[in-house]
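Colleague: What follows is a predicted protein model with its sequence.
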There are 2 protein chains.
Amino acid sequence: MSFAPLDIARPYLLFLGDAPDALAAKTARGVAQFRPEWCVGQWRLPDCQADLGLPELDARAAAALGAKTMIVGVANAGGTLPERWHPALVAALEHGMDLASGLHARLSDLPGVADAARRLGRALHDVRHPRQDYPVGKGRLRRGKRLLTVGTDCSVGKMYTSLALEKEMRARGMKADFRATGQTGILIAGRGVSVDAVVADFMSGAIEAITPDNEPHHWDVVEGQGSLFHASYAGVSLALLHGAAPDALVLCHEPQRRHMRGLPHYALPGLKECADANLAAARLTNRDVRLVGAALNTSNLDPAERAAALAEAEGELGVPATDPMITGVSRIVDGLE
Amino acid sequence: MSFAPLDIARPYLLFLGDAPDALAAKTARGVAQFRPEWCVGQWRLPDCQADLGLPELDARAAAALGAKTMIVGVANAGGTLPERWHPALVAALEHGMDLASGLHARLSDLPGVADAARRLGRALHDVRHPRQDYPVGKGRLRRGKRLLTVGTDCSVGKMYTSLALEKEMRARGMKADFRATGQTGILIAGRGVSVDAVVADFMSGAIEAITPDNEPHHWDVVEGQGSLFHASYAGVSLALLHGAAPDALVLCHEPQRRHMRGLPHYALPGLKECADANLAAARLTNRDVRLVGAALNTSNLDPAERAAALAEAEGELGVPATDPMITGVSRIVDGLE
């Protein structure tokens, strides 16, 4: 256990391994999309079917360009670290880089990798497994502003929406920082906490720790997790809501989702019902919280269906509804300036 | 990590150490009060100021009477295991007993104790630190009935109320089992899960695991934790609510509590507001949930004040309100038969 906050050294080399398709490298894609200035290149093993269009580098070439950390940006079913990747992991360490992974398997559990890191004095960041100690949440309002993305379900675009909001706010000259609460977000931000992996007593305290006092007009854009309506994870979502003490909520939703993820016997909540429940719960730690927008993932809808879905959400919620991937988030940010 | 559920061998020897007063031995007192048939005796070191009125035994005498586990039933300010207790701990191991503790400090972190346990093949149960793996919650209704105690705040009598309900139900011939979710409750029940100490993702799954399918008329009486209105711990309370999928809630409250425990800037919720929020959240996993009673800790009120507080709670909530310590819980159980 350590009290030092997680902070991944930059810039990065993105390791794509032997990804069988583009989807397998979606973690690396997220880093390259939202932090292009941190990515010196990609390292693809033979047979890799993913390509981010970055310079092709191995450990030696990336180190020569100043890379400080190699990010394991590829996932397989099971979240393992297969042996065929190990020589590349050790090579990165030998060329002076740290390693970071968001997989379930731990870098620190691989004897050859752990031994090399110890011998060479390099850090291994298993970001899904927090090693920091966090205090118990205090429910104290901090200076500065906070926005939290919440959802009708898991995996409806909360991380993407949060990053899109940060990007739009920064483009307008607003002070904003994405605050990561899950493993992919942490690799993108270089810091954060995997809130669903901390010990239960410290969930809200961990979120308070990553959203401390800030300048009056600064926005923390906090990545939400789960849903208050998800029977498996709602406790995590509530702790996140209380710890973030948000001034603003953005409700994320996928119109074509047929049931709660992993729970075929659970229907999704209505948008208004979901927004109202989140606002009611959030008022405990910030009585001025308000809903400022809705973010719909409409990638599988045709343009007419998309327009109808967004118009329906706006009518139901009374706030701007957008698809961050397609129609952007500027109408939501308009309401925050 | 282990998949085997926690199960503490019985009967017990209660170790009171050098408790400076009766309050320091309240864990042992709870065990002796609710599981007298499991307690062969107490072991008091010189200067111990607590006394449960049990036979005075040391490790050898308790072992001769069949004791299988020595329970560390005493707490001190930092939750430590002071060195002056270690000889007694090792003696219990040497006489064939396991050890169980609900303190923050771990038995397994004491080299002399851990070595002795390994050498002698005894178990060390640090019940505040779960070593079991739990599945993710599934939100599936199980057979049998479940009652959960919820609260306006932490430490308002949820464990005591749950145990009093189990006792009353068993006295009437009803099938009932107290399900422990905190360290003292686990030592009393000999099993359970310290839900605030599990990894966040598995909170509701852990509660589902300790309240499995049962006979149709069997009641699990589940010990609640925290409060939906406590900014530090509400996520744990919500996960407990969803995992228990209760048919019945009992709302626990201390009328003289001036602010939320540990949070001087937070007022307590109203009884009706608290009951309604718990019922609304509980409906996600059991739409038939209902409030069946209120349990008030009125030990610091005089008889007239007590009667007034109970009458006011009944009027506000429309269910029987009792003080389990003073007026019993029979009126609540009447509504469950």
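Modeller: That came through, no problem.
Colleague: C-alpha only now, for contacts and for neighbours.
Modeller: Will do.
Colleague: now the helix or strand in which A:A62 is found, how far from the centre of its chain.
Modeller: Using DSSP states H and E, A:A62 falls within helix A:59-64. Here helix A:59-64 is found 27 Å from its chain centre; the criterion is C-alpha atoms, centre = their mean, to the nearest Å.
Colleague: which of the residues in that helix are buried?
Modeller: For helix A:59-64, the neighbour count (16 or more other C-alpha atoms under 10 Å in any protein chain shown) marks A:A59, A:A61, A:A62, A:A63 as buried.
Colleague: elements contacting the host helix or strand of A:C252?
Modeller: If you go by DSSP H and E, A:C252 is part of strand A:248-253. Counting contacts by 3 or more C-alpha pairs under 8 Å, 6 or more residues apart in numbering or on different chains; DSSP states H and E, the secondary-structure elements packed against strand A:248-253 are strand A:145-151, strand A:290-296.
Colleague: can you give me the helices for the stretch 151-300 of chain A?
Modeller: Using DSSP state H, counting those that start in this stretch, the helices of the stretch 151-300 of chain A run over A:158-171, A:183-189, A:203-210, A:234-244, A:271-282.
Colleague: Please work out which of the ones you listed is packed deepest.
Modeller: helix A:234-244 (a mean of 31; mean count of other C-alpha atoms under 10 Å in any protein chain shown).
Colleague: ok, A:V329 touching A:T322?
Modeller: Yes - using C-alpha atoms under 8 Å, A:V329 is in contact with A:T322, at 6.3 Å.
Colleague: quick one: which of the two has more around it?
Modeller: Legend: neighbour count by other C-alpha atoms under 10 Å in any protein chain shown for A:V329 and A:T322, higher for A:T322 (28 against 25).
Colleague: check contacts around the more buried one.
Modeller: A:T322 makes contact with A:G293, A:A294, A:A295, A:L296, A:L310, A:G328, A:V329, A:R331, A:I332, according to C-alpha atoms under 8 Å, 6 or more residues apart in numbering or on different chains.
Colleague: Mind giving me the PyMOL select for those residues, buried ones only?
Modeller: Selection of buried members from those for PyMOL, criterion 16+ other C-alpha under 10 Å:
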select buried, chain A and resi 293+294+295+296+310+328+329+332
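Colleague: Which one of the contacts of A:T322 is nearest to A:A244?
Modeller: A:G293 (17.4 Å; C-alpha to C-alpha).
Colleague: what's the span of stretch A:207-214, first residue to last?
Modeller: Taking C-alpha to C-alpha, to the nearest Å, the first and last residues of stretch A:207-214 lie 14 Å apart.
Colleague: what about that stretch and chain B, any contact?
Modeller: No - Stretch A:207-214 stays clear of chain B (C-alpha under 8 Å from any C-alpha of the partner chain), getting no nearer than 10.2 Å.
Colleague: how far out from the middle of the chain is that stretch?
Modeller: 16 Å.
Colleague: now swap in stretch A:159-178 and tell me
Modeller: The chain centre lies 13 Å from the centre of stretch A:159-178; the measure is C-alpha atoms, centre = their mean.
Colleague: how about that stretch as PDB, C-alpha atoms only?
Modeller: Extracted in PDB, the C-alpha atoms of stretch A:159-178 (Å, rounded to 0.1, in the frame of the first residue of the first chain):
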ATOM      1  CA  MET A 159     -16.000   7.800 -20.400                       C
ATOM      2  CA  TYR A 160     -16.200   9.000 -24.000                       C
ATOM      3  CA  THR A 161     -18.700  11.700 -23.100                       C
ATOM      4  CA  SER A 162     -16.500  12.900 -20.200                       C
ATOM      5  CA  LEU A 163     -13.500  13.100 -22.500                       C
ATOM      6  CA  ALA A 164     -15.400  14.800 -25.200                       C
ATOM      7  CA  LEU A 165     -16.700  17.400 -22.700                       C
ATOM      8  CA  GLU A 166     -13.100  18.000 -21.400                       C
ATOM      9  CA  LYS A 167     -11.900  18.500 -25.000                       C
ATOM     10  CA  GLU A 168     -14.600  20.900 -25.900                       C
ATOM     11  CA  MET A 169     -14.200  22.900 -22.700                       C
ATOM     12  CA  ARG A 170     -10.400  23.200 -23.200                       C
ATOM     13  CA  ALA A 171     -10.900  24.200 -26.900                       C
ATOM     14  CA  ARG A 172     -13.000  27.100 -25.600                       C
ATOM     15  CA  GLY A 173     -10.200  28.100 -23.100                       C
ATOM     16  CA  MET A 174     -12.100  26.800 -20.100                       C
ATOM     17  CA  LYS A 175     -10.000  25.100 -17.400                       C
ATOM     18  CA  ALA A 176     -11.100  21.500 -17.300                       C
ATOM     19  CA  ASP A 177      -9.600  18.100 -16.300                       C
ATOM     20  CA  PHE A 178     -11.000  14.700 -17.000                       C
END
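Colleague: Can you pull the domain assignment for chain A?
Modeller: Following automatic domain parsing, one gets these domains for chain A: A:12-126, A:145-334.
Colleague: starting at the chain centroid, how far to stretch A:243-253?
Modeller: Computed by C-alpha atoms, centre = their mean, the chain-centroid distance of stretch A:243-253 equals 14 Å.
Colleague: So what would you say the end-to-end distance of that stretch is?
Modeller: Start to finish, the residues bounding stretch A:243-253 are 22 Å apart (C-alpha to C-alpha).
Colleague: any idea of the angle the strand holding A:C252 forms with helix A:234-244?
Modeller: Calculated by axes from the mean of the first three to the mean of the last three C-alpha atoms, to 10 degrees, strand A:248-253 forms an angle of 150 degrees with helix A:234-244.
Colleague: Can you list the strands that strand A:248-253 pairs with?
Modeller: The sheet places strand A:248-253 alongside strand A:145-151 (parallel), strand A:290-296 (parallel), with pairing taken from DSSP bridges.
Colleague: So for the residue in the stretch 101-250 of chain A that chain B sits nearest to, what's the nearest residue that isn't a sequence neighbour?
Modeller: For the stretch 101-250 of chain A, the residue closest to chain B is A:G235, as judged by C-alpha to the nearest C-alpha, at 4.0 Å. Spatial nearest neighbour of A:G235, excluding adjacent residues (C-alpha to C-alpha, 6 or more residues apart in numbering or on different chains): B:G235 at 4.0 Å.
Colleague: cool, and A:H129?
Modeller: In this structure, A:H129 finds its nearest non-sequential neighbour in A:A197, 6.2 Å apart by C-alpha to C-alpha, 6+ apart.
Colleague: count of residues packed around the one you found?
Modeller: When neighbours are defined as other C-alpha under 10 Å, A:A197 has 22 of them.
Colleague: Tell me which of the domains of chain A approaches B:D126 most closely.
Modeller: When those are compared for distance to B:D126 using C-alpha to C-alpha, the nearest one is domain A:145-334, at 15.7 Å.
Colleague: gap between the two ends of that closest one?
Modeller: 15 Å.
Colleague: before we move on, what about stretch A:79-88?
Modeller: Per C-alpha to C-alpha, stretch A:79-88 runs 17 Å from first to last residue.
Colleague: do the same with stretch A:100-118
Modeller: Using C-alpha to C-alpha, one end of stretch A:100-118 lies 15 Å from the other.
Colleague: try stretch A:210-226
Modeller: One end of stretch A:210-226 sits 18 Å from the other (C-alpha to C-alpha).
Colleague: Go through that stretch and flag the buried ones.
Modeller: Buried residues in stretch A:210-226, defined by neighbour count with 16+ other C-alpha under 10 Å: A:I210, A:T211, A:H218, A:W219, A:D220, A:V221, A:V222, A:E223, A:G224, A:Q225, A:G226.
Colleague: tally of neighbours for the closest residue in space to A:H217 that isn't next to it in sequence?
Modeller: Nearest non-adjacent residue to A:H217, counting by C-alpha to C-alpha, 6+ apart: A:G144, 5.7 Å away. Around A:G144 there are 16 other residues, counting by other C-alpha under 10 Å.
Colleague: My guess is A:G144 contacts A:V221. True?
Modeller: No - checked against C-alpha under 8 Å, the pair A:G144 and A:V221 is beyond contact range at 11.2 Å.
Colleague: Alongside chain B, which residues does chain A contribute?
Modeller: Contact residues (C-alpha under 8 Å from any C-alpha) of chain A with chain B: A:136-139, A:195-205, A:229, A:231-239, A:242-243, A:263, A:284-285.
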